[in-house]
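K.L.:
build the 3D model from these lines:
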Amino acid sequence: MTGRQWTTPDEIAARLRRRWTDGTLLSALARGESFPAQDLAVRGPRASEIGADLGAVQQWAADLDRGSGGGVRYEIVYGDIGGREFGRNRIPSRIRIETYEQAWALLGVRRQVDRYCEILGLAGEMDAVHSWVADKPLKAIEATDDWPALLAAYRWLDAARGSGRYLRTIDAPGVDTKFVERHRSVLGALLGVSGTASRFVRDLGLATKPELLRMRFGPGFAGLPGSVTDASFRVDEVAELRVGVQAAVVVENETTFLSLDPPYEGVLIWGKGFDADRVGRMRWLSEVPVWYWGDVDTHGFAILDRLRAWLPQTASFLMDRESLLQHRDRWVTEPSPTSARLERLDGDESALYADLVGDRYGSAVRLEQERLDWGWVLDHLPYG
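P.N.:
Predicted coordinates for the structure are as follows:
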């Protein structure tokens with residue numbers, strides 16, 4: 001039969017398997033729908049081939065019949081072929097798969113189907129769970145061993161919506177926070193919330209890890225005991241306080257934060273890059289001088305622009321053309337430069353930003369904050 005393209009039992013199974021791998025068959029089963037009957041045309045021998053190699057034709061027909069398992073896997077519909085030269089012959093012409101049981105037998109998936117039915121039984125009257133299991137049957141089967149704990153976690157999380165509790169307090173049977181983290185994408189889908197680490201807890205209305213702002217205080221600041229020079233505060237607790245600082249400096253790099261002296265009656269804040277929004281929410285900074293020092297690269301200016309959306313009076317320092325050119329031997333490459341339109345930069349800042357975007361000095365030039373010569377830094381501080 002070399003070179004012949006006659007339909008085989010394996011090909012029949014492969015054509016049906018597409019309906020398995022896309023979830024169509026199991027989804028229909030879960031929704032109580034009738035089996036989507038399959039009526040498949042058979043590619044068989046032409047009349048001339050019967051006379052040329054009758055034995056091969058008989059073997060082919062016998063293989064199809066054996067593959068049907070006596071109708072357990074599929075039904076064979078026969079048709080007549082031939083004529084006066086070779087006589088009339090009845091050969092397979094179509095294949096019909098008419099029940100779920102035939103499909104499971106043909107595909108050899110009885111064990112997976114049994115597991116799936118168990119999962120549907122566990123879902124019970126939980127409509128959201130049943131709907132997801134019906135829509136994502138193969139994903140549901142992948143998590144077979146975890147379903148009792150998944151449903152326990154689902155019930156607890158659903159009941160805890162909007163409670164402001166920490167996820168750590170979960171006491172569902174067989175569930176801890178590590179389990180929830182491992183299965184966050186599935187649980188997020190079941191609960192109708194994001195499955196991402198940053199949004200899962202927030203979308204459920206549970207308590208999130210508090211945002212902290214780290215600050216160092218100048219020796220003339222009277223708001224804390226003199227022995228306290230470095231502290232972290234919850235943003236939501238200090239944002240509206242009347243703190244009494246006279247000036248603020250925001251830096252991006254932690255080592256710089258630890259090395260630089262704060263303003264005498266002011267505060268030095270570790271901005272941590274795009275965490276600058278946390279700084280901006282400090283209402284007590286709105287009426288005092290604020291200086292910002294970040295990397296001399298496109299994202300450094302983007303952070304400056306973002307901080308000014310909160311605190312328009314913010315002035316930059318050590319983010320100028322002279323500082324950049326003075327440290328040419330310390331330039332590195334910015335991994336993913338931005339070319340966003342920044343409307344809060346002043347004239348000199350805008351010009352340098354445009355030059356960085358346009359690669360005037362080289363491709364994706366970057367001068368990181370921690371690479372500036374320390375003597376240069378001290379000579380160019382905007383405060384005493």
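
K.L.:
hang on, isn't Ala384 packed against Gly266?
P.N.:
No, residue 384 isn't Ala; it's Gly. No. With contact taken as CB atoms under 8 Å, Gly384 and Gly266 are classed as non-touching, separated by 11.0 Å. Just so you know, the C-beta spots here come from the backbone N, C-alpha and C atoms, and that holds for glycine as well.

K.L.:
so what sits against both of these two?
P.N.:
Common contact partners of Gly384 and Gly266 (CB atoms under 8 Å, 6 or more residues apart in numbering): none.

K.L.:
neighbour count: the two, which is higher?
P.N.:
Between Gly384 and Gly266, Gly266 has the larger neighbour count (other CB atoms under 10 Å), namely 24 against 6.

K.L.:
with adjacent residues omitted, what lies nearest to the more buried one?
P.N.:
On the basis of CB to CB, 6 or more residues apart in numbering, the spatially nearest residue to Gly266 that is not a chain neighbour turns out to be Ala247, at 3.6 Å.

K.L.:
measure the one you found to Ser232 for me?
P.N.:
Ala247 sits 20 Å away from Ser232, going by CB to CB, to the nearest Å.

K.L.:
retrieve the pLDDT associated with the residue nearest the centre of the chain.
P.N.:
Nearest to the centroid of the C-alpha atoms of the chain, with distances taken as CA atoms, centre = their mean, sits Thr196, at 5.7 Å. Looking at Thr196, its pLDDT reads 94.

K.L.:
repeat that for Gly51.
P.N.:
Gly51 is assigned 68 on the pLDDT scale.

K.L.:
try Gly83
P.N.:
Note for Gly83: predicted pLDDT of 54.

K.L.:
with Asp176 instead?
P.N.:
According to the model's per-residue confidence, Asp176 sits at a pLDDT of 95.

K.L.:
now for it: which residues touch it?
P.N.:
Ile170.

K.L.:
for Tyr166, what are its contacts?
P.N.:
With contact taken as CB under 8 Å, 6+ apart, Tyr166 is in contact with Leu206, Ala207.

K.L.:
how close does it get to Ala207?
P.N.:
Look at Tyr166 and Ala207: by CB to CB, they are 5 Å apart.

K.L.:
tell me the secondary structure at Trp20.
P.N.:
Three-state call for Trp20 (DSSP: H, G, I helix; E, B strand; the rest coil): helix.

K.L.:
what about it, how many neighbours?
P.N.:
20.

K.L.:
ok, and the closest non-adjacent residue to it?
P.N.:
Once chain neighbours are set aside, the closest to Trp20 by CB to CB, 6+ apart is Leu107, at 5.7 Å.

K.L.:
same deal with Ala239?
P.N.:
Ala239's closest residue in space is Arg281 (CB to CB, 6+ apart), at 4.8 Å.

K.L.:
just checking, that neighbour touches Trp310?
P.N.:
Yes. Using CB under 8 Å, Arg281 is in contact with Trp310, at 7.0 Å.

K.L.:
contacts only, for Leu151.
P.N.:
Under the criterion of CB under 8 Å, 6+ apart, the contact partners of Leu151 comprise Leu122, Ala123, Met126, Val129.

K.L.:
what's the closest of those residues to Gly220?
P.N.:
Closest approach between the contacts of Leu151 and Gly220, by CB to CB: Val129, at 60.7 Å.

K.L.:
thought that closest one was touching Ala123?
P.N.:
Yes. Applying CB under 8 Å, one finds Val129 in contact with Ala123, separated by 4.3 Å.

K.L.:
helix or strand with the lowest mean pLDDT in this protein?
P.N.:
When each helix and strand of the chain is scored by mean pLDDT, DSSP states H and E, helix 47-52 comes last, with a mean of 73.

K.L.:
would you mark the buried spots in that one?
P.N.:
Judged by neighbour count using 16 or more other CB atoms under 10 Å, the buried positions of helix 47-52 are Ala47, Glu49, Ile50.
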